[in-house]
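>>> need coordinates for the below:
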Amino acid sequence: MNAKLLKLTTASAALFALVGTPVLAGAFDASPVIDVTGDGYVFADPEEGVLPPGIKSITEEPGAEYPNTENPQGVLNCLMASNPDLLCNAPSGSGKRIKTRLTGKDGMDISLSTESTGDVTEYYFFGKTSNLSGARMTGYQLEIGTGTGDDFTAFTTNDPTFAALFDVEFTDGSFNLPDGLFGDGGQESDAGFFDDASQAEMNTDTLTAALIELGEISSNAVYTALFGNGYLDDSQIPDGYFFDVTDYEVDADEPALLAWYNVSEGAWVYGNVDDEVVTYAEAEFGFDIGYVAGGEVPADVVAALEANGLFEVDAIEDLRNLNLNFMIELGDVAGNQVTLRLTPVFSQLVSETYTEYQFKIAGMLDAAAEIPYLDTGNAALYGSAVTGLLALDEAAQLDALESVGFSFLGGYGALGYDLGRGFVSALPDRAVEFSNDGATLSTRNMLDSWSIGEMSYGFVSAQSSMSSYDATLNGVGYDTDAVTFTGGIEWQVDPSLSWGVMLGGGNGSVEADGNRGTIDMDGVGIGLFARKAFGTGGTMTGVIGYQALTFDSTREVLSGTALATTALGETDGSQIFAALSADYTYRNGAFTYGPRASLEYYKQSVDAYDETGAGAWNLSVGKQNSETLIASAGFWGEYELPFSAQDTRLTGGLSLNSSAGDNDAVSVGLVGLFDTALPVDGFDDQWIGVDFGVSTTLASGASGSSTLSAGYHGAFGDGYESHGLEVSFNVAF
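The predicted model follows:
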């Protein structure tokens, strides 16, 4: 042995003897998390004393290799939740499990730091994963490798390069739903709520040194009869009645599950419930609750449950939780870093999607066809639709799949924006009188109003617009058209200040691309506004208003197939809007010109509703909310024709505009089943605005005058285009 190495080894042994601290061999660092990336995260549960980042490593026996790889009995090395009060041998149910949550299609990577010392140490992994992806999982994969995302490389013992550099492998594992639902009851009960005969486990289809492939759940007949052979998403799990038993058991740490709602039976059903819980419930109600495991809850008991504050309806979350129990053999790792990759596997229809919207709709349809407790008589129809979709080529399949959902929900916000913008732009400009002593509001340029009394003016406006919105990642494109009529009164408070009120209404429609459907809207509203002159040529205008809206929709489902149908919807909504604009005017002979800027804000709410007319394909659409902020900056000008007896003026403007719209997630589901959160992309775009117009005095005399005005507004962007016309006839008395 090298003399220096021998001396170092002897010193290390002496140090260990002095301080009693093991020299780690092939070990995970005590706080090993480097990064968590992808469609998921590690949940650090503060209620269970788990601190961020949610994972810790304990190495009490460096270099240990255990004979029992199927369970943690006697294993003192582990990866577990980062609770500082717990070790690997803490009692079952104490909160040792690392909680990972899958939130999308692509899974997640957990990068962990290691120490390379030339030895091998076995670790037990205490884990629990939750399916929040948005779709039922038909399988699950765990891999060990290096790198993350597209740079991930799985270890493989078949590659001599990896075999020389790495010594990390899976050795065994079990993967089951919590025993409180299927099994011996675990820490929650004396028996599994749904079945106590056996666990519900995902099949271990493949177990190699670097890959665990899990398949369907087929180990428990009760599970498959109720929930199929997949692992449910959070949106697909049933509700249960939970009983707060702390009035009867002071040390109870969680409520007891008494019954669950079976959609296919349209009834609350008792599960396997401990005798004492039944006794507590009967003492609470004062009568026999008719408890029979698997039996329907009597109507009078349901009424009592609803009326008693100790009983609460909540989702049975453990149906979307899967325990992950496996061993990792860890040795030297080049770079002192490994990655644990968790990847969900979905049905063919779900896995062949690309966008989040497609993924959610496929997950909804797949679940309706494959989860038995959700079958209200239409599962066979949904199953035939899935079969028909899979028979189509890719483009036709995705197009038909998208029509099952509401792919143009963004059209509601677009119509509200059109109506609100019509209100804001209907307000006529006010010219200013130039003065070194300060600008004042002028009546000279009130070409869009008529006098109705001393220092007060009226105006009317009619506008028509057509717009085109391109498809976004999660929504189909559509065209809109809108017509608005607005009138108002303005009072001059002093030479530099005025305020007013306006009333109006309008209607509009959306036509979605690809014959997806239509939305029609009617609305009425009221607004308040004020103007202020400032400087030697500036004006500022503020507007705020409210609009009441009604909507009718048609949605074409599975057009071009044997299942084609049309769904109808009716709902109400409202919108508040506000705008602030400012310009500064300069005059040079017949020319008036200057810079102009504005901010506009629109916030819309649309009530939830259920469609009709399409039978099993009707959707329940949740409340929708949209917000849009538009910023504009540009230059405008006016030219007074010098030889016009009718006082004719030409106007024009050019502006750069940008919209920022919040993305929304709208709860949508087949009526009577579960809801999924469909993404609705906000209105985010940039465009060039072009304005020009003409106004001319038709008649003028001592008794009054009349003016005819017309104008055009255009918007030209990559994903948005609009064309609007305004015509007004105004009289001054």
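>>> make it CA atoms for all contacts and neighbour counts henceforth
Will do.
>>> where does Gly295 land on pLDDT?
Looking at Gly295, its pLDDT is 96.
>>> ok, now which ones touch it?
Contacts for Gly295 (Cα atoms under 8 Å, 6 or more residues apart in numbering) come out as Val269, Tyr270, Gly271.
>>> what's around the last one, how many residues?
Here the count is done by other Cα atoms under 10 Å, and Gly271 has 24 residues near it.
>>> ok, now Gly118?
Neighbour number of Gly118 under other Cα under 10 Å is 12.
>>> on the three-state scheme, the residue nearest to it when sequence neighbours are not counted is what?
Closest residue to Gly118 apart from its sequence neighbours, by Cα to Cα, 6 or more residues apart in numbering: Asp332 at 5.6 Å. Following DSSP: H, G, I helix; E, B strand; the rest coil, Asp332 is assigned to strand.
>>> make CSV out of the contacts of Gly295 and add distance to Asp681, secondary structure and pLDDT.
As requested, the contacts of Gly295 are exported to CSV (distance: Cα to Cα, whole Å; DSSP: H, G, I helix; E, B strand; the rest coil; pLDDT from 0 to 100):
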residue, distance to Asp681, secondary structure, pLDDT
Val269, 40, strand, 98
Tyr270, 42, strand, 98
Gly271, 42, coil, 96
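>>> measure the residue nearest to Leu132 when sequence neighbours are not counted to Leu330 for me?
Spatial nearest neighbour of Leu132, excluding adjacent residues (Cα to Cα, 6+ apart): Thr103 at 4.8 Å. Going from Thr103 to Leu330 by Cα to Cα, to the nearest Å gives 28 Å.
>>> with Ala27 instead?
For Ala27 relative to Leu330 (Cα to Cα), the value is 7 Å.
>>> same check on Tyr593?
If you go by Cα to Cα, the gap between Tyr593 and Leu330 works out to 75 Å.
>>> which of these two has more neighbours?
Ranked by neighbour count (other Cα under 10 Å), Tyr593 and Leu330 place Leu330 first, with 26 against 19.
>>> so the residue nearest to Gly118 touches Val120, yeah?
Yes. Asp332 lies in contact with Val120 (Cα atoms under 8 Å); the separation is 7.5 Å.
>>> circling back to that earlier point, neighbours around the residue nearest to Leu132, how many?
Using other Cα under 10 Å, the number of residues around Thr103 comes to 20.
>>> gap between it and Ser82?
Counting by Cα to Cα, the separation of Thr103 from Ser82 is 22 Å.
>>> now do Val501
To Ser82, Val501 is 61 Å away according to Cα to Cα.
>>> ok, now Ala597?
Remark: distance between Ala597 and Ser82 (Cα to Cα) = 53 Å.
>>> neighbour count: the two, which is higher?
Each of Ala597 and Ser82 has its neighbours counted (other Cα under 10 Å); Ser82 has more, 26 against 18.
>>> would you agree the more buried one falls within a helix?
No. Looking at Ser82 with three-state DSSP, it is coil, so not inside a helix.
>>> okay, it: pLDDT?
On the pLDDT scale, Ser82 is placed at 97.
>>> stretch 579-590: end-to-end distance?
End-to-end for stretch 579-590, by Cα to Cα: 30 Å.
>>> buried set for that stretch?
Neighbour-count burial for stretch 579-590 flags Ala579, Leu580, Ser581, Ala582, Asp583, Tyr584, Thr585, Tyr586 (criterion: 16 or more other Cα atoms under 10 Å).
>>> and for stretch 296-315?
Across stretch 296-315, burial judged by 16+ other Cα under 10 Å covers Glu296, Val297, Pro298, Val301, Val302, Leu305, Leu310, Phe311, Glu312, Val313, Ala315.
>>> next: stretch 688-702.
The neighbour-count check on stretch 688-702 (16+ other Cα under 10 Å) flags Ile688, Gly689, Val690, Asp691, Phe692, Gly693, Val694, Ser695, Thr696, Thr697, Leu698 as buried.
>>> what's the answer for stretch 83-95, then?
For stretch 83-95, a neighbour-count test (16+ other Cα under 10 Å) marks Asn83, Leu86, Leu87, Cys88, Gly95 as buried.
>>> next: stretch 633-652.
Within stretch 633-652, judged by 16+ other Cα under 10 Å, the buried ones are 633-640, 647-652.
>>> closest to Val671 among those?
Proximity of these to Val671 (Cα to Cα) peaks at Ala633, which lies at 46.1 Å.
>>> which element is that closest one on?
Assigned by DSSP states H and E, Ala633 belongs to strand 624-640.
>>> next structured bit after that strand?
Downstream of strand 624-640 (by DSSP H and E), the next one is strand 649-661.
>>> now that next one and strand 624-640, what's the angle there?
Orientation check (axes from the mean of the first three to the mean of the last three Cα atoms, to 10 degrees): strand 649-661 against strand 624-640 gives 160 degrees.
>>> partner strands of the helix or strand following strand 649-661, with direction?
For strand 649-661, the succeeding helix or strand toward the C-terminus, using DSSP H and E, is strand 664-670. Applying DSSP bridges, strand 664-670 is found paired with strand 619-621 (antiparallel), strand 676-680 (antiparallel).
>>> now render the ones you listed as CSV, adding distance to Gly413 and mean pLDDT.
Below are those laid out as CSV (distance: least, Cα to Cα, whole Å; pLDDT from 0 to 100):
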stretch, distance to Gly413, mean pLDDT
strand 619-621, 15, 97
strand 676-680, 10, 95
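>>> for those, which one sits closest to Ser464?
The nearest among the strands paired with strand 664-670, by Cα to Cα, is strand 676-680 at 26.5 Å.
>>> now do the contacts for the residue nearest to Glu115 when sequence neighbours are not counted.
Among residues not flanking Glu115 along the chain, Ala27 sits closest, at 5.2 Å (Cα to Cα, 6+ apart). Applying Cα under 8 Å, 6+ apart, we find Ala27 in contact with Thr59, Pro62, Thr114, Glu115, Ser116, Val120, Thr121, Leu330, Gly331.
>>> looking at those, which is nearest Asp429?
Distance to Asp429, by Cα to Cα, is smallest for Thr114 among those, at 69.4 Å.
>>> show the subsequent helix or strand relative to the helix or strand hosting that closest one.
Using DSSP H and E, Thr114 maps to strand 108-115. Counting by DSSP H and E, the next helix or strand C-terminal to strand 108-115 is strand 121-131.
>>> OK, contacts around the residue lying closest to Glu638 once chain neighbours are set aside?
Spatial nearest neighbour of Glu638, chain neighbours left out: Thr651 (4.3 Å); criterion: Cα to Cα, 6+ apart. By Cα under 8 Å, 6+ apart, the residues touching Thr651 are Trp636, Gly637, Glu638, Tyr639, Asp691, Phe692, Gly693, Val694.
>>> same check, this time on Ser464
Listed by Cα under 8 Å, 6+ apart, the contact set of Ser464 reads Asp481, Ala482, Val483, Thr484, Gly724, Leu725, Glu726.
>>> what sits closest to it if chain neighbours are left out?
Residue nearest to Ser464 in three dimensions, not counting chain neighbours: Val483, with 4.5 Å by Cα to Cα, 6+ apart.
>>> what's the helix or strand for the one you found?
Taking DSSP H and E as the criterion, the element that holds Val483 is strand 478-494.
>>> what about the residue nearest to Ser464, neighbour count?
The local packing of Val483 (other Cα under 10 Å) involves 21 other residues.
>>> give me the beta-bridge partners of it?
For Val483, the beta-bridge partners are Ser464, Asn507 (DSSP bridges).
>>> I figured it hits Ser509, correct?
No. Counting by Cα under 8 Å, Val483 does not reach Ser509; the two are 9.6 Å apart.
>>> so what sits against both of these two?
Here Val483 and Ser509 have no joint contacts, going by Cα under 8 Å, 6+ apart.
>>> tell me how far the closest residue to Tyr712 other than its chain neighbours lies from Asp150.
Closest residue to Tyr712 apart from its sequence neighbours, by Cα to Cα, 6+ apart: Leu725 at 4.7 Å. Going from Leu725 to Asp150 by Cα to Cα gives 51 Å.
>>> who has more neighbours, these two?
Leu725 (17 against 6).
>>> contacting residues for the more buried one?
Each residue near Leu725 by Cα under 8 Å, 6+ apart is listed here: Gln463, Ser464, Ser465, Ala710, Gly711, Tyr712, His713.
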